[in-house]
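> no FASTA, just this:
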């Protein structure tokens with residue numbers, strides 16, 4: 001009759017937590033300051049964005065003007081018109097365009113705040129940091145593409161006044177956004193490899 005031997009599992013010995021180095025403390029302090037900075041920038045930009053959209057919808061004076069050469073505050077060239085003189089439907093379309101174009105900036109500040117808050121908590125190479133990094137790249141790419149997409153909509157509907165939609169900064173943001181997305185995905189793959197290695201004792 002065959003004998004069956006039962007082996008008790010070998011207990012895993014948890015490693016002693018390593019003391020935090022001077023460089024790690026410096027990174028955490030700097031990241032905490034940057035997290036507070038981007039929190040403030042998020043709130044400030046949200047307030048400015050709300051005031052700007054409200055002005056586009058309700059302001060009827062001459063201080064906000066728009067034309068083929070761009071949008072102007074406090075005056076503008078002769079080829080511009082007061083935004084408040086536009087029909088309500090055209091103003092509503094531009095309010096939507098303004099929201100679509102500047103929500104990516106708002107979300108960039110939000111995810112940068114989240115990234116540095118993660119670093120401040122000591123999670124330098126965590127899966128969460130990689131995910132946040134990928135989201136930053138995605139919103140940066142969205143920021144680069146929204147002027148072109150809004151131009152297509154405005155041109156198709158005949159509502160376009162501001163024709164200064166193509167900028168070199170958008171091309172740069174698009175390329176950098178793609179690079180940041182790839183870096184974030186590499187960080188996530190690195191975390192998965194590390195977790196797999198830690199699973200073998």
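Great, that's in hand. What you see is a predicted model, and the numbers here were worked out from it, not measured in a lab.
> can you tell me which residues contact the closest residue to residue 112 other than its chain neighbours?
Among residues not flanking residue 112 along the chain, residue 38 sits closest, at 4.5 Å (C-beta to C-beta, 6 or more residues apart in numbering). No exception for glycine: its C-beta is placed from N, CA and C like everyone else's. Contacts here follow C-beta atoms under 8 Å, 6 or more residues apart in numbering; on that basis residue 38 touches 109, 110, 112, 113, 116.
> Is residue 38 within a helix or a strand, and which one?
Here residue 38, judged by DSSP states H and E, is contained in helix 22-58.
> centre of the chain versus whichever helix or strand comes after that helix, how much separation?
The C-terminal neighbour of helix 22-58 among helices and strands, as given by DSSP H and E, is strand 64-67. For strand 64-67, the separation from the chain centroid amounts to 28 Å (computed by C-alpha atoms, centre = their mean, to the nearest Å).
> what do you get for stretch 137-155?
14 Å.
> buried set for it?
Residues of stretch 137-155 classed as buried by neighbour count (16 or more other C-beta atoms under 10 Å): 137-144, 146-147, 150-151, 154.
> what are the pairing partners of the worst-scoring helix or strand of the chain on mean pLDDT, and which direction each?
Least confident element among the helices and strands of the chain, by mean pLDDT, DSSP states H and E: strand 70-73 (a mean of 80). Using DSSP bridges, the strands paired with strand 70-73 are strand 64-67 (antiparallel).
> Which residues does the strand it pairs with contact?
Surrounding strand 64-67, the residues in contact under the criterion C-beta under 8 Å, 6+ apart are 55-56, 71-73, 75-77, 79-84, 86, 94, 161-162.
> Only the buried subset of those, as a PyMOL command please.
Per 16+ other C-beta under 10 Å, the buried members of those correspond to this PyMOL selection:
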select buried, resi 55+56+71+72+76+80+83+84+86+94+161+162
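> Which ones among the contacts of strand 64-67 map onto helices?
Judged by DSSP state H, the subset of the contacts of strand 64-67 located in helices is 55, 56, 94.
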